[in-house]
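**Student:** Have a look at this fold, sequence not included:
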């Protein structure tokens, strides 16, 4: 099982980034996918979730209207488009494969990527 995030970097406040998570070794289309992030000294938090077929998405309140999660099941890849970035969005961003059931996401603890650093600073 591999999940490889990419697309992070340094961006100015108000800028945009698109993160990608390429996966292999499991049946991607059978899993809901989520993006998490972890800032220094803080707990990892759920950013966004997309169901296995891509029909439903869910976002943390602070990301609504700014972030968009999407997936391409033919490419076994999930994306996170981040717009209007703020300094408080600075964190390591991780993707995860898991289960989405009755409005709640349960991460698979074995299905994490290594993370990609996003830094929002002028």
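**Tutor:** Thanks, I have it. Source: prediction; values computed, not measured.
**Student:** List the residues that contact residue 88.
**Tutor:** Applying Cβ atoms under 8 Å, 6 or more residues apart in numbering, one finds that residue 88 lies in contact with 39, 120. Placement of C-beta: from N, CA and C, glycine included.
**Student:** Does it belong to a helix, a strand or coil?
**Tutor:** Look at residue 88: counting by DSSP: H, G, I helix; E, B strand; the rest coil, its state is helix.
**Student:** measure it to residue 8 for me?
**Tutor:** 16 Å (Cβ to Cβ, to the nearest Å).
**Student:** Might you calculate how far the helix-or-strand element of the chain with minimal mean pLDDT sits from the centre of the chain?
**Tutor:** Within the chain, no helix or strand scores below strand 104-112, which has a mean of 90 by mean pLDDT, DSSP states H and E. Averaging C-alpha positions (Cα atoms, centre = their mean, to the nearest Å) puts strand 104-112 12 Å from its chain's average.
**Student:** For it, which helices and strands make contact with it?
**Tutor:** Applying 3 or more Cβ pairs under 8 Å, 6 or more residues apart in numbering; DSSP states H and E, we find strand 104-112 packed against strand 32-38, strand 91-101.
**Student:** Please identify the buried residues of the longest one?
**Tutor:** To tie it back to what came earlier, the one meant is strand 91-101. Going by neighbour count (16 or more other Cβ atoms under 10 Å), the buried part of strand 91-101 is 91, 92, 93, 94, 95, 96, 97, 98, 100.
**Student:** List just the nearest of those to residue 30.
**Tutor:** Within the buried residues of strand 91-101, proximity to residue 30 (Cβ to Cβ) peaks at residue 97, which comes in at 8.8 Å.
**Student:** Quick check: bridge partners of the closest one?
**Tutor:** residue 33 (DSSP bridges).
**Student:** any idea how far residue 33 is from it?
**Tutor:** Using Cβ to Cβ, we find residue 97 at a distance of 6 Å from residue 33.
**Student:** just residue 101 next, same as before
**Tutor:** Residue 101 is 14 Å from residue 33, by Cβ to Cβ.
**Student:** Where does the prediction get shaky in this protein?
**Tutor:** Under the criterion pLDDT under 70, no range of the chain is flagged.
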